[in-house]
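Visitor: My questions concern the predicted model and sequence given below.
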Amino acid sequence: MEWQPIWTAPKDETFVLLTGGKPDDWHNEFPPMVVAQWIEPGAWHDGYWRYSVSEGGYVSSGYDNPTHWSPLPPPQSSDRSNTAGG
């Protein structure tokens, strides 16, 4: 995985890995990277990086001031014939 400058990140709602920033609602030690997507500006907010806190779940706050991004790795195959002993 190679990190790229944040200004090169896609802003088309593609999920990416972000690092170097801080979740805006985190008060303690925060994760070294998050899965996030860019949310376009709307009537009630500026554009922001929305991050995932669980599979299929989000928080309503953003990930502030990330410095770098990376594409997500491809998902693991769900083909059970590739498992050990299978």
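Guide: That came in fine, so what should we check first?
Visitor: isn't Pro32 right next to Leu17, touching?
Guide: No - if you go by CB atoms under 8 Å, Pro32 and Leu17 don't touch, sitting 10.1 Å apart. Quick note: C-beta positions are derived from backbone N, CA and C, even for glycine.
Visitor: what about these two, which has more around it?
Guide: Taking other CB atoms under 10 Å, Pro32 and Leu17 do not tie; Leu17 has more neighbours (18 against 7).
Visitor: On the three-state scheme, the more buried one is what?
Guide: At Leu17 the chain is in strand, as set by DSSP: H, G, I helix; E, B strand; the rest coil.
Visitor: can you pull the contacts of Pro10?
Guide: Applying CB atoms under 8 Å, 6 or more residues apart in numbering to Pro10 gives the contacts Val16, Trp38.
Visitor: And it, how close does it get to Ala36?
Guide: 11 Å (CB to CB, to the nearest Å).
Visitor: and what of Ala43?
Guide: From Ala43 over to Ala36 the distance is 22 Å, taken as CB to CB.
Visitor: So which of the two has more stuff around it?
Guide: Using other CB under 10 Å as the criterion, Ala43 and Ala36 rank with Ala36 on top: 24 against 4.
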